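Visitor: This is a predicted model, with the sequence first.
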Amino acid sequence: MNVIELLGMERSFGDHKVLRGIDFSIAEGSITGLLGVNGTGKTTLINCVMGLLKADAGTCSVYGEDAWQASVAVRQRIGFVPQVFDGFEWMTVRQILDYTGAFYESWDPAFVNELVALFDLPDESKVVSLSVGMKQRVSIVLALGHRPRLLVLDEPVAALDPVGRRAFIELLLEMNRNENRTILFSTHITSDIERVAARVAILKDGEVKLHSDLEDLKQSYCRVHLHSHNGVERYLEGLTGCVRKEIRQHSARLTVQGLDPAWRRGLEDSPDVQIDVEDLNLDEIFVELNS
Amino acid sequence: MSPFLAVLRSYWLDWPSGLFLVAMYVLLLCASIFGDAGPEFILLGSYMAVVLVSTRLRSTRGYSLAYVLPGYRTAHLQVAAALIALLAWFPAIVVGLYQGNLQDVVALVLVVTGIVLTGEYRYRKLYSMLMAFVFSMILLVLVMADVKLQWAPGVVTNLLLGAIGLALLVHFVRIFLAGDEYVPHQMGSMWFGTAGSAWVLDRSTLSRQTELASFRPGGMGVLTRTVRLIERYRQSGRGPRYLDALIDLGVGDWLRWQGVRMMTVTFGIGICILIWWVAPAERLSDVLPRVVVALTFTLQVIVSITYMADPKWSLTFIWTRLPVADKAALRQTYWMTRFRHVAFNYLLACGYCALVVAAALLVQNWLDLEGQKVTPAGSAAVPLIPYLATLMTWALAVTAGGVGLGLILSRWKLGLTVALLMGLAILVLWVGLAMWLTAPFNERIVAFSLTLLSSAFACLVPVAIWRYRAFYDHLNHGLFS
């Protein structure tokens, strides 16, 4: 069953069309990392999923209900960590935890206390006096306190220090592994996605350009270095899936999706050209796709 | 704890809001006990309270938090309904509703609808503010619609009010039409609109405006402006007085001018609606100057209160971004600069006011000499009232500003709250004075005043808190830590 289902979803701000027909779904129990350069619409997409923004066109449903009009029952099952702390900063940490807990039937005070200890939150301090990173920790506890079935995270670790980041990521993995939670999170830190996510979606120009398993993605992209004293242009004939190429007089640097084994073998057998194939990590794939 | 109790408790935890609510209801209770108020008073007072709560809730930037909390909206509306239900305790309104008083019923429905709309946190803040304003104006129209226009003002009073109103109107139209290149003086007309600040004020700033013209290209926000000013200051190698001047003119004036322009448009529309719907053609000449002056008073005070925020903005930037060695000197510079501005403008405003009063008295004498007795006995002091009002407000404002600034400099968080409360106190006093001076009717003067006051709240509170919050967020509350 798909927990989140987006179909032809569009959203504009004035004349600026941020999302241009998003087709995207997330299955129950999966972890999906949302990647995209600044301004590609990650936060807009997440806000639409959370019902904070209304889609101009297309559908955006969560647990089978229109996200904009999601029922209380559906919202009881969702936890959300916004990009910046978006709550009542004049409350103390304890007050905002109690306040938030009042709205959730499944609020688990014991678990919340564990999280408060894990993230080292000062109970009696006002949120306003906390640093950005500490506020983000508060956001995380607020989102997890009712043990949500779906966790939506908008760049949740950007403000966290390495210790907090590690603790948070381990917590996510544990929740997914033990409780089959569904997680959608956007981030710029690709190494976190590599540690956590099973699937990756890349947003570009307002569309989901790529949505696949992380391992499949990494296996499908590679970098090819060609070198020949007689020039490399003629060896590129018959190459398919080239995402990016940099050609110099005697060499070429190619980023290829789905490298054709026959083409590769042909070049390896040729005495006039030297070919090296290199695997790419997610960070490199992301950069290549957005160059 | 249920969501209802949690929301109710949150009002109380945010103590200025809770304090305001309690004070409002105590006031209503007293008015009810002493029988000094009709249903409009209660309706409008409660409207003010719920608008404040509603906008305050929105302004906490709790949008996403609020929305993702299941049942949040229901709890919010339940609390608003409970606040209104408390009104049932007041006999006047119950009697009004029971007797089928259409005006009260419509007003109550408007209040409830207004709360629902202003509490819709998924819409833009501007929308909510606009809704609050529109509902305030509709309420005002309702209150005024059945007012018997009994007042028969004398020629001199009309002349005085007309002169002040015209001066203010010309001034604001001038500002509005001047375009992006025009920036009013530091204090300028904002504080002393009551006395009809003269446009001669603008000349005093010409040279400084020319010098700083490059700082005011259109499209820049406050933060960008301030950052650029600080860069310019760093490169100049000059003292803190230069930075003070840069920020005063480059940010403070720009902010105020933006506010003036926006408010002029909204209040202009309000005036048109009022005149069109309410005023009988034969009484237009009586009503028009009063409505203009009353609304302009309100506009003046809304904009002027934002001045209290300015020292915080610029000082915080300096404190957090600049290694200013001598902070005591900086503080003194700030204080002296503001005092100078206030004194200068105060003198000019008093001068203008004195001219208007003198002219009015001359006309009165002339008419009396002609044998037309136009002034009722005992009202000779009436023309002096605007002058006195200006004086009182000035003293109050300067005191409040000084206290707020001093506290901000010594202990930021407390200073902020005190300055905000002082601002609200000034708002109440000033608008109350303005209404007393300008209300065109003998009856329902309280309702008239409260409606304008609630309009002012509806416009001011979201704007002020919006600015504060955005600014603090940007700084990550660095000053607190």
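Guide: That came through fine.
Visitor: Does residue A:56 touch residue A:13 like I think?
Guide: No. Taking CB atoms under 8 Å as the definition, residue A:56 is not a contact partner of residue A:13, at 9.9 Å. All C-beta spots, glycine's among them, are computed from the backbone N, C-alpha and C.
Visitor: Looking at those two, which is more packed in?
Guide: residue A:56 (14 against 11; other CB atoms under 10 Å in any protein chain shown).
Visitor: what pairs with the nearest residue to the more buried one once chain neighbours are set aside across the strands?
Guide: Distances taken as CB to CB, 6 or more residues apart in numbering or on different chains place residue A:10 nearest to residue A:56, at 4.9 Å, with adjacent residues excluded. Judged by DSSP bridges, the bridge partners of residue A:10 are residue A:20, residue A:57.
Visitor: Give me the contact status of stretch A:71-80 with chain B.
Guide: Yes. Using CB under 8 Å from any CB of the partner chain, stretch A:71-80 comes into contact with chain B via A:72-73, A:75-76, A:78-80.
Visitor: so can I have TSV of those showing pLDDT?
Guide: As requested, the residues of stretch A:71-80 next to chain B are exported to TSV (pLDDT from 0 to 100):
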residue	pLDDT
A:72	88
A:73	90
A:75	90
A:76	91
A:78	93
A:79	92
A:80	91
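Visitor: Which of those fall in helices?
Guide: A:72-73, A:75 (DSSP state H).
Visitor: ok, of those residues, which come out buried?
Guide: For those, a burial check counting by 16 or more other CB atoms under 10 Å in any protein chain shown picks out residue A:75.
Visitor: hang on, the earlier thing: so what's the residue nearest to residue A:56 up against?
Guide: Counting by CB atoms under 8 Å, 6 or more residues apart in numbering or on different chains, residue A:10 makes contact with A:17, A:19-22, A:55-58.
Visitor: now with 7 Å?
Guide: Residues counted as contacts of residue A:10 (CB atoms under 7 Å, 6 or more residues apart in numbering or on different chains) are A:17, A:19-21, A:55-58.
Visitor: What's the separation between it and residue A:40?
Guide: The gap separating residue A:10 from residue A:40 is 14 Å, by CB to CB, to the nearest Å.
Visitor: now do residue A:214
Guide: Distance from residue A:214 to residue A:40, by CB to CB: 19 Å.
Visitor: Over to residue A:202?
Guide: 9 Å.
Visitor: export the helix or strand hosting residue A:263 as PDB, just CAs?
Guide: Using DSSP states H and E, residue A:263 falls within helix A:261-269. Output in PDB follows, covering the C-alpha atoms of helix A:261-269 (Å, rounded to 0.1, in the frame of the first residue of the first chain):
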ATOM      1  CA  PRO A 261      28.700  -3.900 -21.600                       C
ATOM      2  CA  ALA A 262      29.300  -4.600 -25.300                       C
ATOM      3  CA  TRP A 263      30.500  -1.000 -25.900                       C
ATOM      4  CA  ARG A 264      32.800  -1.300 -22.900                       C
ATOM      5  CA  ARG A 265      34.200  -4.700 -24.000                       C
ATOM      6  CA  GLY A 266      34.800  -3.300 -27.500                       C
ATOM      7  CA  LEU A 267      36.900  -0.500 -26.100                       C
ATOM      8  CA  GLU A 268      38.800  -2.700 -23.700                       C
ATOM      9  CA  ASP A 269      39.700  -4.900 -26.600                       C
END
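Visitor: Not counting its own residues, what contacts it?
Guide: By CB under 7 Å, 6+ apart, helix A:261-269 touches A:235, A:238-239, A:273, A:275, A:277.
Visitor: Hey, what's the angle from the very next helix or strand once past it to helix A:261-269? Just curious.
Guide: The helix or strand immediately downstream of helix A:261-269 is strand A:274-279, counting by DSSP H and E. Angle of strand A:274-279 versus helix A:261-269, following axes from the mean of the first three to the mean of the last three CA atoms, to 10 degrees, is 140 degrees.
Visitor: list the buried ones in the particular helix or strand that has residue B:83 in it?
Guide: Per DSSP H and E: residue B:83 is located in helix B:72-85. By neighbour count on 16+ other CB under 10 Å, the buried set for helix B:72-85 is B:72-73, B:75-80, B:83-84.
Visitor: Stretch A:188-201 now?
Guide: For stretch A:188-201, burial by neighbour count (16+ other CB under 10 Å) applies to A:189-190, A:192-193, A:196-201.
Visitor: The closest residue to residue A:155 other than its chain neighbours: what secondary structure?
Guide: The shortest distance from residue A:155 to any non-neighbouring residue, by CB to CB, 6+ apart, is to residue A:83 (5.0 Å). Under DSSP: H, G, I helix; E, B strand; the rest coil, residue A:83 falls in the coil class.
Visitor: A helix includes residue A:7, no?
Guide: No. Counting by three-state DSSP, residue A:7 falls outside a helix, being strand.
Visitor: so what secondary structure elements neighbour the helix holding residue B:83?
Guide: Packing contacts for helix B:72-85, counted by 3 or more CB pairs under 7 Å, 6 or more residues apart in numbering or on different chains; DSSP states H and E, involve helix B:3-13, helix B:39-59, helix B:102-118.
Visitor: Show me which residues of the stretch 101-250 of chain A are close to chain B?
Guide: A:102-104, A:128-129, A:131-132 (CB under 7 Å from any CB of the partner chain).
Visitor: Now tabulate these in JSON lines and tack on secondary structure and neighbour count.
Guide: Formatted as JSON lines, those follow (DSSP: H, G, I helix; E, B strand; the rest coil; neighbours: other CB atoms under 10 Å in any protein chain shown):
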{"residue": "A:102", "secondary structure": "coil", "neighbour count": "21"}
{"residue": "A:103", "secondary structure": "coil", "neighbour count": "25"}
{"residue": "A:104", "secondary structure": "coil", "neighbour count": "21"}
{"residue": "A:128", "secondary structure": "helix", "neighbour count": "17"}
{"residue": "A:129", "secondary structure": "helix", "neighbour count": "16"}
{"residue": "A:131", "secondary structure": "coil", "neighbour count": "14"}
{"residue": "A:132", "secondary structure": "helix", "neighbour count": "16"}
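Visitor: Just give me the least confident of the residues you listed.
Guide: The lowest pLDDT within these belongs to residue A:128, with 76.
Visitor: in the stretch 151-291 of chain A, which spans are strands?
Guide: According to DSSP state E, counting those that start in this stretch, the stretch 151-291 of chain A carries its strands in the segments A:182-186, A:199-204, A:207-213, A:221-227, A:242-247, A:251-257, A:274-279.
Visitor: Tabulate those in a markdown table, adding columns for mean pLDDT.
Guide: Converted to a markdown table, the strands of the stretch 151-291 of chain A look like this (pLDDT from 0 to 100):
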| stretch | mean pLDDT |
| --- | --- |
| strand A:182-186 | 91 |
| strand A:199-204 | 88 |
| strand A:207-213 | 86 |
| strand A:221-227 | 87 |
| strand A:242-247 | 82 |
| strand A:251-257 | 85 |
| strand A:274-279 | 85 |
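Visitor: Out of those, which one sits most buried?
Guide: strand A:182-186 (a mean of 24; mean count of other CB atoms under 10 Å in any protein chain shown).
Visitor: Remind me what that one packs against, helices and strands.
Guide: strand A:31-35, strand A:150-154.
Visitor: Ok, which of those strands comes nearest residue A:287?
Guide: Taking CB to CB, strand A:31-35 is the member of the helices and strands packed on strand A:182-186 nearest to residue A:287, at 10.7 Å.
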